[in-house]
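Student: Fold the stuff below for me.
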Amino acid sequence: MVRVIYLLDPRNRSQRARLIRQVVSGDKWGVHDKTMVEFTVSFEEHYWPQRLYNFACGFIHLSSYHDYQDRDPFRTLPEEDRQAITEYLREYHPQEDGITADSEFRDIIPYVPKVLGKIAVRLEKLLDALEDDKDLSDVTL
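Tutor: Modelled structure (predicted):
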C-alpha cells in the first residue's frame, strides 16, 4: 500500500511507469519502505500508512514465535511495538478501546480480519486510481 501511495504522488509521476515496470519485472526500486512511509506522512490526510506500517511491522516480529502455548507472542513484543499496535486498533477500530499494550495475543486476534478488510478496501481504491493514471489528491478514502 505504501508503494501505491508513493506512486500516486504527483511528484513521482515522472518515475511512475519506470517503477511499475521494475515491480513487474521483479527489480528493486532503490527506494526503501521506510523512506516511502516517511514520504506518506507529508500528506496530512494520508498519515495512516505510517501507523499501518508500524502495525504490520509489529506482527512481523511474531513470525519467530512457534510455541504460542508457553508464551504470549504479543506480550513478548517490545513495549513500543505493542503500543503502536494498540493505538492503531483504538484509532481505526474504536469499538476495540479495551485493547491495551498489556492485552494478550488472544485479545488481538479477533480484530485482525477487520483491519485487513479496511486495508483491502483502501488498497483497491488506490489501485483503481493508479490504473486510471490519477494522483493521490484524486482519491477519497
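
Student: alpha carbons only for contacts and neighbour counts from here, please
Tutor: Fine.

Student: what about E87, which helix or strand?
Tutor: Assigned by DSSP states H and E, E87 falls within helix 79-92.

Student: which element follows that helix toward the C-terminus?
Tutor: Using DSSP H and E, the first helix or strand after helix 79-92 is helix 105-108.

Student: Return the set of buried residues in the helix or strand following that next one.
Tutor: Remark: after helix 105-108, the chain's next helix or strand is helix 112-131, criterion DSSP H and E. Within helix 112-131, the residues scored as buried using 16 or more other CA atoms under 10 Å are V115, R122, L123, L126, L127, A129, L130.

Student: my read: the fourth one touches L7, true?
Tutor: It stands for L126. No: assessed by CA atoms under 8 Å, L126 is found out of contact with L7, at 9.8 Å.

Student: For T86, which residues are in contact?
Tutor: Listed by CA atoms under 8 Å, 6 or more residues apart in numbering, the contact set of T86 reads I99, T100, A101.

Student: For my notes, please list these in TSV and give pLDDT and neighbour count for each entry.
Tutor: Formatted as TSV, these follow (pLDDT from 0 to 100; neighbours: other CA atoms under 10 Å):
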residue	pLDDT	neighbour count
I99	84	18
T100	87	17
A101	88	18
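
Student: Spatially nearest residue to the residue nearest the centre of the chain, not counting backbone neighbours?
Tutor: Centroid-nearest residue in the chain, with CA atoms, centre = their mean: L52, separated by 3.0 Å. Of all residues not flanking L52 in the chain, Y88 sits nearest, at 7.3 Å (CA to CA, 6 or more residues apart in numbering).

Student: what about the one you found, distance to I108?
Tutor: 11 Å (CA to CA, to the nearest Å).

Student: Counting neighbours, go ahead and name the busier of those two.
Tutor: For Y88 versus I108, the count of surrounding residues by other CA atoms under 10 Å is larger for Y88: 19 against 16.

Student: Pretty sure that one sits against Q50.
Tutor: No: using CA under 8 Å, Y88 is not in contact with Q50, being 10.1 Å away.

Student: Tell me where the model's unsure across this protein.
Tutor: 41-48, 54-55, 58-69, 95-97 (pLDDT under 70).

Student: Good, we can wrap up now.
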